[in-house]
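A.B. asks: structure for this input, please:
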Amino acid sequence: MTTTLIIPGYRGSETGHWQRQWLLEDPQAKMVEQEDWENPVLSDWLHVLEAHLAEHPGAILVAHSLGCVLVSHLANRPAAAHVAGALLVAPADSERMARQDAKFASFAPLPRREFPFPSIVAASRNDDYMSFAKAEALANVWGSGLVDLGHAGHINPASGFGYWPEGMILTSSFRQRVLVAAE
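C.D. replies: Got it, this is the predicted structure:
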């Protein structure tokens with residue numbers, strides 16, 4: 001069975017977050033736990049993600065916020081060959097974040113190259129962490145499908161997203177692709 005790697009953003013996914021709920025629903029899901037959620041360093045976070053991919057090749061990535069930016073940087077590395085697909089939910093604008101706080105500098109600039117794996121960007125029209133226009137432009141550059149979630153905030157508990165079964169539905173296309181490839 002295909003492993004789902006859950007990739008939180010800055011500060012991790014708090015209790016009640018849909019990513020935490022996903023772990024309860026999907027026995028194949030594993031959380032990518034970073035050593036320091038408060039002080040994100042791209043090279044450290046990439047090392048942890050790449051170690052998980054080495055352990056679970058062919059995994060589906062389910063990222064949120066700064067975790068989406070992490071996946072976008074992974075796409076240009078050899079470990080990207082081990083990714084079956086990626087769901088990028090409410091990506092963060094690390095370029096703007098880096099201008100406001102130097103702790104995010106290593107995550108900027110945002111990569112602007114097509115991903116070597118299938119991906120979907122799920123974005124909101126009123127997300128404080130990235131404008132919909134920028135999410136749409138990045139999805140186009142990355143070769144990602146785009147899902148417009150309307151006015152859904154940052155797609156976290158503060159914007160009403162605890163249990164979010166639609167996220168699992170969005171990843172089902174990646175699971176189908178893995179099954180077809182195995183035949």
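
A.B. asks: and A123, backbone torsions?
C.D. replies: Backbone torsions for A123, taken as degrees, to the nearest 10, come to phi -130, psi 160.

A.B. asks: spit out the contact partners of it.
C.D. replies: By Cβ atoms under 8 Å, 6 or more residues apart in numbering, the contact list for A123 reads A90, P91, M130, F132, A135, E136, A139, L146, V147, D148, L149. All C-beta atoms are positioned from the backbone trio N, CA, C, and that covers glycine.

A.B. asks: apply 10 Å and report the result again.
C.D. replies: 68, 88-91, 130-136, 138-139, 146-150, 152, 155 (Cβ atoms under 10 Å, 6 or more residues apart in numbering).

A.B. asks: can you list which of those residues are found in strands?
C.D. replies: The strands, defined by DSSP state E, take in L88, V89, L146, V147, D148 from the contacts of A123.

A.B. asks: on that earlier part again, list buried residues within the contacts of A123.
C.D. replies: Neighbour counting by 16 or more other Cβ atoms under 10 Å classes 68, 88-91, 130-132, 134-136, 138-139, 146-147, 149, 152, 155 among those as buried.
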